[in-house]
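> the sequence and its predicted three-dimensional model are supplied below.
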Amino acid sequence: MFEWWRRWARGVWRREETEQRLDEEISFHLEQAVAQNEARGMSPGEARRAALLRFGGIEPFKERVRDEVRPAIAQDFWRDVRVGARLLRRTPGFTAAAVLTIGLGSGAATAVFSVVHGVLLRPLPYPESDRIVRLYQLDQNGRRGNVSQLNFEDWQAQTTSFSAMAMWSSWGLVPVVGGREPAMGTLVAVSREFFDVMRVRPEAGRGFSDVEQRVGGPAAAIVGRAFWDRWIGGPLAGQSLRMGDRVYTVVGIMPDGFDYPGGASVWIARGLMPPDTSRTAHNVQATARLRDGVPLAAAQLEISRISRELKARYGDDTWMFDAAAVPLLDQITTTSKPVLTMLFMAAVLLLLVATANVSSLLLARTSTRQHEFAIQLAIGASRFRVVRQLLAEATVLAVAGGIVGAVTAAWTVRALVALGPGLAPRLAEARVDWFALAFAVAVTAFTALALGLLTAIGTRSVRLSSALSIGPRTMTPGRRGLVARQSLVVAQVALTLVLLSGAGLLGRSFLGVLAVNPGFSLDDALIVDFTAAAGGSDSRVRRVQLLDAMLDRVGRLPGVASAGLVTGFPLGGGNYSNGRFIEMTSANELQSYDDIAKLPREALAARTGQAGYRIASPGYFRTMGIPVLRGRVFDERDDAAAPHVAIVSQSLAESKWPGQDPIGRFVQFGNMDGDPQGFRVIGVVGDVRELTPETPPGPLFYASYRQRPNSVWRVNLIVRSPDPASLGPAIQRIAREIDPDVPVQFRTVGEAFDAVLIGRRFSLVLISLFSAAALVLATLGLYGVVAYLVAQRTREIGIRIALGATPGHLMRLILSRGAIIAVCGGLAGLAAALALARLVEGMLFGIRANDPAVLAVAAGVTASAAFAASVLPARRAARIEPATSLRST
Amino acid sequence: MTRAAPEPEDVLQGTLDMLVLRAVQLEPMHGWGIAQRIEQWSEHVLQLGQGTLYPSLYRLERQGLIDSRWQVTENNRRARYYALTPAGRRQLAREVASWKRLSRAINLVLDASEV
């Protein structure tokens, strides 16, 4: 074996050398012959002619020598491939169908795999990124949440499983002023250990020094490379940026591509800010690196044990019941995982359908070539030789299909990436990389192998004598080949049914999501997003002035029906903070944390509640079309000097004050913005669904921006107008006049809805395309089998007609064959769909995975396609002329 | 093989490789020389066309029975010289022995029929 390889390798690598050597030997040989002829007395010209004449054709001679140099098997295979290519060229219809089917199937699978790899599997771009974990506090119900700084510090002091543990808090999009022009950057405050956890350092400049991480120390910032190049540029030295109410000196630039956490573009030191003193102030998130050699499970056990000990020690002072350590990649891909997994399964199904279809095509071709094979066997070809020829043909098909597939994959990936970065984190970075390409090659090779083997099964049923004596056209089909083809079509029908029912379920879910009442009705409106980052000692006042001016001037623009603002627009882009409040017996019962601490524990538990905390303007509810159910909304009376008032959502009213009137109740919600003044509830409004239409509405608590501007940061200004898109420039101008350092961004309600629905729409479109493709392939496959049956039985049918069979009878005969295949495939498909239902359950909305209506429709569509596929050949059978069919042997 | 006039004969199938090996047994030779030597030794009965000679040489080399390298002829012309390898030497010995046994047997049969 080794010897063979050595020679084969030599044959390949030395081909060039051999050619040269051969030329030289020929010319030497001819020279010698000429010399001999001259010695015998010929003239030089004569001598040369005689020598050439005697030598004969040089090319055929070379070919004979080459045959000796080329190792036999490789040479035969190459010949098989060339013959195969010639044969395939002779049947362009079949070849095109096979190549396209392989190409589209493998292309789709490769594309989806590339995306899955790019988003889910590819390691994060940090050294040993699989050792990085996110740490979460778990509440009473095991839900993951933010961490409080005191709990974090206890974790840090007591755990041994982590080599570094960092906390950070994101400030979201913030105006960054001081570069070439004001820009919005994602600002994150990180603790001292952050860069140790990530093991990424600034590529230019330095990290934070000790004094820069102290309360009151010099403010410093580190900027991401992309943000720096886009908005700042120039030399690092002496660059400073104003963000919020502080000016930061830029000390470093992070390498391109580093944007952890959450697409950060600027990092500042959390140490600059005074530490949190409350164990229930959940303002930070935690990321840690596992110590070398410590498995995740051990770290998880340790932090869980320590957290439960902390709960035991601090009781109601902490809301942490347990803790979780989640690998960073898992955490980042949590939302995109189910979609991509399902799409990948759909692509694999499509690939299987395609493979079955090509195999079926190839089998049909093999059966019609049995005569040819019989002759080959008769004149001495070994069976192996015939199978080898088929394998070579399959290889040609697979390679051609692979090329089509690679092109398809490249285009599809580009299209998927173009669909939007909002779809999944890391999607933009997805490429058809070498990994995916290797996968495509593997897919192609697998296809070729499957094709070759399946075809070989078909060939083994060739009976030499019968194939030769009966002749090519009327021969009875090789039973085994037919059975194989029929089972392939059954499989195709089954897989198609699975894909169709998946598409049906997702489609119904999509309609269900669209039909959900989000709690507001907003058709034509422009959403203006900005950050009210006015700083300085009078920031409260200036922030209110800024928002007042914006509302007033935008509201007076021509064409504006109404305008309102909120800190958490229901369709995303805001701040969705959540916290605990305490009901008070009077407006001034609890003025400070000390007062709260003095309350008896039991009483406290009964009087607390949890709600989302939003800050809104008086016009917000009218603009959004959120109904006012009781009481009133904010108005002119509720200014900074007046007692603070609040509006609660219906679900909060019903859960906190069931059967009672919430109006006039007093509530302390001071932990949201540090303002100890209590609220009096003045109204109840309808529930809204936030962020996704799927999640049921949560309890919400609204305060007025004029009274509680402290925590106002990210603002969504909703401007209702019949022609929202035209308002952009005017609002841009107003914003610039009010504060040139506040960049504003625009989106229409339609765009906001699209962003919410993009994931669903994306998977629905893809699975629909996949199932449509599968349906076409399965229909063609079934048509092929039935048409082939008819062709094979032409003679038999002719006899039946001659003996008096009616066309209807014959139609039934052929249709029943198609029906049997369709029913088998349908049953198998239903079983598979039910078995796989669990896997898509998480993506469904308002429908069960085994929804009988969807399954019935999917089965109906498949059955109709199957029927249509059988009707044409059946009608052809019914119209067969007995005389012609009997004579045509 | 008893013709008076030396007329060219085709080499008996299967014996070509043996003759080529025999031709290079004594010293390395180039292709032209091998053809000439076989022709001379066979008293011009066996004439090797290059169409059979070179494929045989390349085949024998691939089988590891002969080796080849460039050398300069007496006329200062570069030519490919072929030489027996140890494996070729053994193969030649085997083939010669079996050929002698076979031809003796054939001769015995032919002679017996003349009695």
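Cool, got the structure.

> next, count neighbours for residue 63.
Reading this off chain A. 11 (other CB atoms under 10 Å in any protein chain shown). For glycine as for every other residue, the C-beta is placed from the backbone atoms N, C-alpha and C.

> right idea, wrong chain: chain B
Around residue B:63 there are 15 residues (other CB under 10 Å).

> skip the chain neighbours and tell me the closest residue to the residue positioned nearest the centre of chain A.
Using CA atoms, centre = their mean, the residue of chain A that lies closest to the mean C-alpha position is residue A:340, 4.4 Å off. Spatial nearest neighbour of residue A:340, excluding adjacent residues (CB to CB, 6 or more residues apart in numbering or on different chains): residue A:116 at 5.0 Å.

> tell me the contacts of that neighbour?
A:340-341, A:343-344 (CB atoms under 8 Å, 6 or more residues apart in numbering or on different chains).

> so it is in which element?
Using DSSP states H and E, the element containing residue A:116 is helix A:92-116.

> also residue A:188?
Using DSSP H and E, residue A:188 maps to strand A:183-190.

> now residue A:253
Assessed by DSSP H and E, residue A:253 sits inside strand A:246-254.

> what of residue A:583?
Counting by DSSP H and E, residue A:583 is part of strand A:578-584.

> give me every residue that touches residue A:513.
Applying CB under 8 Å, 6+ apart to residue A:513 gives the contacts A:693-694, A:757, A:760, A:845-846.

> next, it: secondary structure please.
With DSSP: H, G, I helix; E, B strand; the rest coil as the basis, residue A:513 sits in helix.

> for burial, what's the neighbour tally of residue B:110?
9.

> what's the answer for residue A:751, then?
Residue A:751, neighbours per other CB under 10 Å, totals 14.

> how close does the residue nearest to residue A:158 when sequence neighbours are not counted sit to residue A:296?
Nearest residue to residue A:158 in three dimensions, chain neighbours excluded: residue A:306, at 4.9 Å (CB to CB, 6+ apart). Between residue A:306 and residue A:296 the computed distance is 16 Å (CB to CB, to the nearest Å).

> next one: residue A:625
In terms of CB to CB, residue A:625 sits 48 Å off from residue A:296.

> cool, and residue A:872?
For residue A:872, the distance to residue A:296 (CB to CB) stands at 59 Å.

> quick one on the thing from earlier: contact partners for the residue nearest to residue A:158?
Contacts of residue A:306 (CB under 8 Å, 6+ apart): A:154-155, A:158-159, A:323.

> centre-most residue in chain B?
residue B:19 (1.7 Å).

> can I get the CA coordinates of the host helix or strand of that residue in PDB?
For residue B:19, the host element (DSSP H and E) is helix B:16-23. Extracted C-alpha coordinates of helix B:16-23, given in PDB (Å, rounded to 0.1, in the frame of the first residue of the first chain):
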ATOM      1  CA  LEU B  16      10.000  -7.800 -24.100                       C
ATOM      2  CA  ASP B  17      10.700  -6.800 -20.500                       C
ATOM      3  CA  MET B  18      13.000  -9.700 -20.100                       C
ATOM      4  CA  LEU B  19      15.000  -8.800 -23.200                       C
ATOM      5  CA  VAL B  20      15.300  -5.200 -22.000                       C
ATOM      6  CA  LEU B  21      16.500  -6.300 -18.600                       C
ATOM      7  CA  ARG B  22      19.000  -8.600 -20.300                       C
ATOM      8  CA  ALA B  23      20.200  -5.800 -22.600                       C
END
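
> gap between that helix and the chain center?
In terms of CA atoms, centre = their mean, to the nearest Å, the centre of helix B:16-23 is set 3 Å apart from its chain centre.

> do stretch A:680-691 as well
Distance of stretch A:680-691 from the chain centroid (CA atoms, centre = their mean) equals 35 Å.

> so for it, what gets flagged as buried?
A:681-691 (16 or more other CB atoms under 10 Å in any protein chain shown).

> which one among those residues gets closest to chain B?
Of all these, chain B sits closest to residue A:691, with 73.0 Å by CB to the nearest CB.

> can you point out the buried residues in stretch A:119-130?
Neighbour-count burial for stretch A:119-130, counted by 16+ other CB under 10 Å, picks out A:119-120, A:122, A:124-126, A:129.

> sorry, back to before: in the helix holding residue A:116, what counts as buried?
Neighbour-count burial for helix A:92-116, counted by 16+ other CB under 10 Å, picks out A:94-95, A:97-116.

> and residue A:839, how far from residue A:832?
To residue A:832, residue A:839 is 11 Å away according to CB to CB.

> oh sorry, the question was meant for residue A:109
Going from residue A:109 to residue A:832 by CB to CB gives 18 Å.

> in terms of secondary structure, what does the longest helix along chain B contact?
What stands out as the longest helix in chain B, according to DSSP state H, is helix B:86-112. Contact analysis of helix B:86-112 by 3 or more CB pairs under 8 Å, 6 or more residues apart in numbering or on different chains; DSSP states H and E lists helix B:16-23 as its packing neighbours.

> and the helix it packs on with helix B:86-112, angle?
110 degrees (axes from the mean of the first three to the mean of the last three CA atoms, to 10 degrees).

> got the contact list for the next helix or strand after helix B:16-23?
As assigned by DSSP H and E, the chain's next helix or strand after helix B:16-23 is strand B:29-30. Contacts of strand B:29-30 with the rest of the structure, by CB under 8 Å, 6+ apart, involve A:28, B:23, B:37, B:71, B:73, B:79-82.

> show me which of the residues you listed are buried.
For the contacts of strand B:29-30, a burial check counting by 16+ other CB under 10 Å picks out A:28, B:23, B:37, B:79-82.

> need the max-distance pair from those.
For those, with distances taken as CB to CB, the pair at the greatest spread is A:28 and B:23 (16.8 Å).

> can you pull the residues of chain B lying near chain A?
By the rule CB under 8 Å from any CB of the partner chain, the part of chain B lying against chain A is B:30-32, B:49-51, B:54-56, B:58-59, B:62, B:77-80.

> in PyMOL, how would I select the buried members of the residues you listed?
Applied in PyMOL, the following selects the buried portion of the residues of chain B next to chain A according to 16+ other CB under 10 Å:
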select buried, chain B and resi 30+31+32+50+54+55+56+58+59+62+79+80
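
> so residue B:19 touches residue B:37, yeah?
No. Judged on CB atoms under 8 Å, residue B:19 makes no contact with residue B:37 at a distance of 9.5 Å.

> for chain A, longest strand please?
In chain A, with assignment by DSSP state E, the single longest strand is strand A:162-177.

> just the C-alphas of that one, formatted as CSV.
Output in CSV follows, covering the C-alpha atoms of strand A:162-177 (Å, rounded to 0.1, in the frame of the first residue of the first chain):
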residue,chain,number,x,y,z
PHE,A,162,-12.0,33.0,40.0
SER,A,163,-8.7,34.5,39.1
ALA,A,164,-10.4,37.9,38.6
MET,A,165,-13.9,39.2,39.1
ALA,A,166,-15.0,42.5,37.7
MET,A,167,-18.2,44.6,38.0
TRP,A,168,-19.4,47.1,35.5
SER,A,169,-22.5,49.2,34.8
SER,A,170,-23.6,50.4,31.4
TRP,A,171,-24.8,54.0,31.0
GLY,A,172,-26.2,53.2,27.6
LEU,A,173,-25.9,55.7,24.8
VAL,A,174,-24.4,58.9,25.9
PRO,A,175,-23.4,62.1,24.0
VAL,A,176,-19.7,62.2,23.7
VAL,A,177,-18.5,65.7,23.1
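
> that one to strand A:183-190, inter-axis angle?
Going by the same axes, to 10 degrees, strand A:162-177 makes 150 degrees with strand A:183-190.

> take the contacts of strand B:29-30 and keep only those in strands.
Per DSSP E, the contacts of strand B:29-30 map to strands at B:71, B:79-82.

> low-scoring stretches of the stretch 1-150 of chain A, by residue?
Along the stretch 1-150 of chain A, segments meeting pLDDT under 70 span A:1-16, A:69-76.

> PyMOL command for the buried members of the contacts of residue A:306?
Applied in PyMOL, the following selects the buried portion of the contacts of residue A:306 according to 16+ other CB under 10 Å:
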select buried, chain A and resi 154+155+159+323
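
> can you flag which of the contacts of residue A:306 belong to strands?
residue A:323.
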